[in-house]
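Enquirer: using only what follows, build the 3D model:
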Amino acid sequence: MRIDTIRERVSSVMAKQPFGFGVAKTPFDFDLQPAGELDRVVRIEVEGGEVIGGFNYSEERTDLLSIWVARKHAATPELTYQDLIADASSIRAAVIRDAHEDSGEYQVPDDGAGMTLERDPGQSYAVLRVTVPVNYMTTA
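Expert: Next comes the predicted model:
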């Protein structure tokens, strides 16, 4: 399997219910996203990790997926903050479920996961970043 295939699988999981997140216009930021389409938008970035081993032109890798979710907070920043915290747990669980039950082509190790919440002054939205390690076999 390739990391871009895993990224697409996770993107598809984020688009399905119960999430129903839209996909950002660019994978790098939310800057090109129209303001009216900014709520509940997701983008996924890949960070190369370590090669664990391999032979015969194959390797076992653990890379990181950063799943970014934007939510408008308008007049309810506390509620938005609580929603983003709940999103973090649900997103990680959904990726683990996809890896274990649906795909079977990759795993999510216990270590390396994390989350951060950010809000820039003057912005009408807050951003959640969930980092999920993915372990998989690929061919060189």
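
Enquirer: quick one: pLDDT of residue 107?
Expert: Residue 107 is assigned a predicted lDDT (pLDDT) of 94.

Enquirer: next one: it from residue 115, what distance?
Expert: 20 Å (Cβ to Cβ, to the nearest Å). C-beta: built from backbone N, CA, C; applies to glycine.

Enquirer: name the nearest residue to residue 113, sequence neighbours excluded.
Expert: Excluding the flanking residues, the one nearest residue 113 by Cβ to Cβ, 6 or more residues apart in numbering is residue 132, at 5.6 Å.

Enquirer: and the helix or strand containing that neighbour, what's buried?
Expert: Counting by DSSP states H and E, the element that carries residue 132 is strand 125-139. Across strand 125-139, burial judged by 16 or more other Cβ atoms under 10 Å covers 125-136, 138.

Enquirer: kindly report the same for stretch 74-91.
Expert: 80-81, 83-84, 87-88, 91.

Enquirer: just the ones of these in helices?
Expert: Judged by DSSP state H, helices contain the following of those: 80-81, 83-84, 87-88, 91.

Enquirer: which intervals of the chain have sub-threshold pLDDT?
Expert: Within the chain, the ranges that satisfy pLDDT under 70 run 54, 140.

Enquirer: look up how far residue 139 lies from the residue at the greatest distance from the centre of it.
Expert: What lies farthest from the middle of the chain is residue 56; by Cα atoms, centre = their mean that is 31.0 Å. For residue 56, the distance to residue 139 equals 9 Å [Cβ to Cβ].

Enquirer: and residue 41, by the same measure?
Expert: Where residue 139 is concerned, residue 41 sits at a distance of 33 Å (Cβ to Cβ).

Enquirer: from residue 109, how far out is residue 19?
Expert: Applying Cβ to Cβ to residue 19 and residue 109 gives a distance of 23 Å.

Enquirer: since that was my last question, I'll sign off now.
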